[in-house]
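Trainee: Sequence plus the predicted model coming up.
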Amino acid sequence: VGGGGGGGEPQARHMVETLLSERVSLDTEAEGGALCQEVLEGEEWVVDTVSRAGEHKCVALWRYGKGEANGAPFVNFYDELRPCAGEGEERLVRYALAGI
């Protein structure tokens, strides 16, 4: 619903308080909440998976390049579909699947 970053703990506290004070769901029984994530510099990798009967498979591997631009703290510079083959890619997929 909202996002912000780069302002340290005071900005993070303000953002959480703002999110918790606003209704973010049409579900009248839903409880409010906020998720905070640390901002990491550099590329972001995404492992898309499917699961069936307890078996997990990687169906796509993406590399995103993000950073600051034109005063905005989070700009997506590129998203690139990557092959799941290759030593580094295979290690990343194994790591992601181990977490499921």
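Mentor: Good, I have the coordinates.
Trainee: where exactly do the strands run in this protein?
Mentor: Counting by DSSP state E, residue ranges of the strands within the chain are 43-52, 55-69, 72-82.
Trainee: Mind giving me the packing neighbours of the first one?
Mentor: Counting contacts by 3 or more CB pairs under 8 Å, 6 or more residues apart in numbering; DSSP states H and E, strand 43-52 packs against strand 55-69, helix 87-98. Quick note: C-beta positions are derived from backbone N, CA and C, even for glycine.
Trainee: if you set the cut-off to 10 Å instead, what comes out?
Mentor: When contacts are defined as 3 or more CB pairs under 10 Å, 6 or more residues apart in numbering; DSSP states H and E, strand 43-52 packs onto strand 55-69, strand 72-82, helix 87-98.
Trainee: and if you look at the last one?
Mentor: Using 3+ CB pairs under 10 Å, 6+ apart as the contact criterion, the neighbours of strand 72-82 among helices and strands are strand 43-52, strand 55-69, helix 87-98.
Trainee: What residues sit buried inside the least confident helix or strand in the chain by mean pLDDT?
Mentor: Sorting the helices and strands of the chain by mean pLDDT, DSSP states H and E puts helix 8-21 at the bottom, at a mean of 83. By neighbour count on 16 or more other CB atoms under 10 Å, the buried set for helix 8-21 is 12, 15, 19.
Trainee: shaky segments in this protein?
Mentor: When residues are selected by pLDDT under 70, those of the chain lie in 1-7, 24, 32.
Trainee: and if we set it to 90?
Mentor: Within the chain, the stretches with pLDDT under 90 are 1-44, 65-68, 71-76, 84-86.
Trainee: which non-adjacent residue is nearest residue 93?
Mentor: Nearest residue to residue 93, sequence neighbours excluded (CB to CB, 6 or more residues apart in numbering): residue 58, at 4.6 Å.
Trainee: neighbours around that neighbour, how many?
Mentor: In terms of burial, residue 58 registers 17 neighbours under the definition other CB atoms under 10 Å.
Trainee: Looks like it contacts residue 45 (just checking).
Mentor: No: counting by CB atoms under 10 Å, residue 58 sits too far from residue 45 to count as a contact (11.5 Å).
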